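Colleague: sequence and predicted model, in that order:
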Amino acid sequence: MQTECPTKQTLESLLTGAIGDDEAEGICRHVDRCSTCESVVSDLETKHRAIFPTVHGGHHQSSYLLEPEYMQLRRAVSDPIEMTVS
């Protein structure tokens, strides 16, 4: 179980599909529970949306956008987090 926050580089690798499925799953679970990482992913996602349409001429969707891990991460970032008090 992952307890430390992944690096920004690791989160970016996740967004681009450069991380294996098992590791990606663990990172996504962490991001689901960590508002700091959720914020980093949201910022990276915004930058990727701005960069990739330019690279692809604005006509093609990047293949990583269709990856299940990316979709899971998008849901984690866009869903409100329920806060519980221990």
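Modeller: Received the coordinates, thanks.
Colleague: any low-confidence regions in this protein?
Modeller: Within the chain, the stretches with pLDDT under 70 are 1-3, 50-66, 78-86.
Colleague: show me where it has its helices.
Modeller: Under the criterion DSSP state H, the chain contains helices at 8-15, 21-33, 35-55, 68-78.
Colleague: redo the ones you listed as TSV? Include mean neighbour count.
Modeller: Every C-beta, even on glycine, is put in place using the N, C-alpha and C of the backbone. Output for the helices of the chain, formatted as TSV (neighbours: other C-beta atoms under 10 Å):
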stretch	mean neighbour count
helix 8-15	18
helix 21-33	16
helix 35-55	14
helix 68-78	16
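Colleague: go ahead and confirm Cys28 touches Arg74.
Modeller: No - with contact defined as C-beta atoms under 8 Å, Cys28 does not reach Arg74; the gap is 10.1 Å.
Colleague: what about Cys5, distance to Pro68?
Modeller: 22 Å (C-beta to C-beta, to the nearest Å).
Colleague: got the phi/psi numbers for Cys5?
Modeller: phi -70, psi 140 (degrees, to the nearest 10).
Colleague: any idea how far Met71 is from Thr7?
Modeller: In terms of C-beta to C-beta, Met71 sits 22 Å off from Thr7.
Colleague: and Ile27, by the same measure?
Modeller: Counting by C-beta to C-beta - Ile27 and Thr7 are separated by 10 Å.
Colleague: again, but for Val77
Modeller: 17 Å.
Colleague: do Glu69 as well
Modeller: 17 Å.
Colleague: cool, Pro68 as well?
Modeller: 22 Å.
Colleague: do Ser42 as well
Modeller: 16 Å.
Colleague: please list all residues in contact with Leu73.
Modeller: 14-15, 28, 31, 41 (C-beta atoms under 8 Å, 6 or more residues apart in numbering).
Colleague: ok, 6 Å please
Modeller: Cys28 (C-beta atoms under 6 Å, 6 or more residues apart in numbering).
Colleague: same thing with Leu14?
Modeller: 24, 27.
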